[in-house]
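Trainee: Show me the folded form of this:
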Amino acid sequence: MTQQPTVPPAPPPLSAASPDGPAGPDPAAAGGGPQSAAPPASRRTAWSEGMRRLRAAATTEPGRLRMIGAALVALVLLSGAVSAWQVSDRVAAADAVVDHSQPLSADAAHIYRSLADADTSASSGFLAGGDEPRSERRRYEKDIREASELLAEAAAASGGSPTAERQIAVLNRGLPVYTGLVESARADNRQGLPLGGAYLRYANEKMRGELLPAARKLYTAETEQLGGDYAEAESWPLLGLGTGVLALAALGWAQRRNYRRTNRVFDRGLLGATAAVLALLVWLGAGHALARSGLHESDTKGARSLQALNEAWIGTLQARGDENMTLVARGGGAAYEKSYRKQMAAVAGTGERRAGGGLLGEARRVADDRTGGDAVRDAQRAVRTWQERHRQARAEDDGGHYEDAVARVIGAEDSTRESFDAADASLGRAAAHEQRQFEEAAAQGRGRFGGLLVGALLLAVLGAVGTVSGIGRRLAEYR
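Mentor: Down below sits the predicted model:
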């Protein structure tokens, strides 16, 4: 049998050749296991690469100029944007004063006066007995209709105010109950039933204890909103002015830097940008100052005068209602008479408020011209006559002459009704005059903001264009 030749074992694999000598054995083949690959070189992130390039650019004058130009453009545009934003806020607040909060405040006061006057008319008609004057009936119906319409408008325009919505809901629920009680009192009074007086007293308690307090809270809430809108519209745009000053300072520094490096006094582009920013600053400051002055005038000469007049007007209406209810109660009206004296002391300045002249004296002090002052003065004279006639009526009633007392209160001549109507008419005339003054001054103040919003943006764009032009001219020198 032929024997096969023995094959020698294969040599171990060699590693890659080395320039210094022959290749050695492969460590992996020799049992050394797999060898880890060398880690790749670390890559720079986009941020680090950008910063590296920025640092490199900052070592050259063109690079520095580009960075300075970018910063200046950003500052100029920021100044315009912030100025436009702050002007927009103040325009919105001024619009709210003229178109929303002041009309709502006036409507809330009108609701209060209508309700108080309706209560007064109801009691006056009741005192006349079954032959209720048609004028009193029409006046009562007009007051209720106006109060209902104004409540519907206030509900639509309350702007989601929780306080206003709550008070409007109270008034909407309570007003039908009140009118129902008044109609029951009238029906019984026409039949000569004494129960009519009880119904009317219950209606009066409903008005005094629920409806008028709700109307007062509504008026207070709307007046506070008016004050907040005034404060926002009149506040200085400090952030816009501050960014404008910062941009102006940066532009000045850049021009000074150019002068020190090139001995060029003026750079037309940067000079134009400086003029645009300076114009924006002057317009923003002067325009706001003029608008603020007009709004402040509308507040002091219109809104505050109206508030003082409304307080005095409401006081006279409540005093008249107390006077009537004193007689409706027929000997049991001591509480009403006490309330009348308290209201009259507040209105006319009698008793502890004599020195200040009461609410009418305050309304006369804040009246800024002769027309408004004369109207309040007429109301003061009518109230003094009213007080004298009231004392005569009380003397008749205390002396057992009830019919004579009623005649002195609701009679056509020489009665407290005549004096109350004169005071009411004078206060209405004064309020109409102050409302016109408010509208004129507020419209003028709001008009001072005209064009400033668009002007701020336009001037900022012009300033940015000037900056780019000025820096671009300097960069062209290095090409």
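
Trainee: need the longest helix for this protein.
Mentor: Assignment by DSSP state H gives helix 61-96 as the longest helix of the chain.

Trainee: which helices and strands does the next helix or strand after it pack with?
Mentor: Where DSSP states H and E defines the elements, the next helix or strand beyond helix 61-96 is helix 102-127. Judged by 3 or more CB pairs under 8 Å, 6 or more residues apart in numbering; DSSP states H and E, helix 102-127 is in contact with helix 134-157, helix 162-190, helix 195-206, helix 212-234, helix 304-328, helix 402-410, helix 416-447. For every residue, glycine as well, the C-beta is placed using N, CA and C.

Trainee: mind checking the SS state of Gly400?
Mentor: coil (DSSP: H, G, I helix; E, B strand; the rest coil).

Trainee: tell me the SS of Leu458?
Mentor: Leu458 ends up helix, using three-state DSSP.

Trainee: mind giving me TSV with the helices and strands packed on helix 102-127 and columns for mean pLDDT, distance to Glu396 and mean neighbour count?
Mentor: Formatted as TSV, the helices and strands packed on helix 102-127 follow (pLDDT from 0 to 100; distance: least, CB to CB, whole Å; neighbours: other CB atoms under 10 Å):
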stretch	mean pLDDT	distance to Glu396	mean neighbour count
helix 134-157	91	21	16
helix 162-190	92	21	18
helix 195-206	91	19	19
helix 212-234	91	29	20
helix 304-328	91	10	26
helix 402-410	91	4	19
helix 416-447	91	12	20
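
Trainee: returning to what we had before: if you count neighbours, what's buried in the longest helix of the chain?
Mentor: Buried residues in helix 61-96, counting neighbours by 16 or more other CB atoms under 10 Å, are found at 63, 65-66, 68-69, 72-73, 75-80, 82-84, 86-87, 90-91, 93-94, 96.

Trainee: distance of Ala432 from Pro103?
Mentor: 14 Å (CB to CB, to the nearest Å).

Trainee: and what of Ile68?
Mentor: The value you get for Ile68 to Pro103, if CB to CB is used, is 52 Å.

Trainee: Same question for Arg190.
Mentor: 40 Å.

Trainee: Quick check: Gly331 is in a helix.
Mentor: No: read with three-state DSSP, Gly331 is coil and lies in no helix.

Trainee: give me the number of residues near it?
Mentor: Close neighbours of Gly331, defined as other CB atoms under 10 Å, add up to 11.

Trainee: Contacts only, for the closest residue in space to Glu232 that isn't next to it in sequence.
Mentor: Distances taken as CB to CB, 6 or more residues apart in numbering place Ala93 nearest to Glu232, at 3.9 Å, with adjacent residues excluded. If you count contacts by CB atoms under 8 Å, 6 or more residues apart in numbering, Ala93 has them with 229-230, 232-233.

Trainee: what do you get for Glu413?
Mentor: No residues are in contact with Glu413 under the rule CB under 8 Å, 6+ apart.

Trainee: repeat that for 10 Å
Mentor: Ala407 (CB atoms under 10 Å, 6 or more residues apart in numbering).

Trainee: what's the helix or strand for it?
Mentor: Here Glu413 is assigned to no helix or strand, by DSSP H and E.

Trainee: Before we move on, what's the pLDDT of it?
Mentor: Note on Glu413: pLDDT of 85.

Trainee: Give me the neighbour count for Asp131.
Mentor: 8.

Trainee: what about it, which SS state?
Mentor: coil.

Trainee: wait, isn't it in contact with Gly192?
Mentor: No: counting by CB atoms under 10 Å, Asp131 does not reach Gly192; the two are 11.9 Å apart.

Trainee: Point out where the stretch 251-400 of the chain drops to low pLDDT.
Mentor: 263-265, 350-356 (pLDDT under 70).
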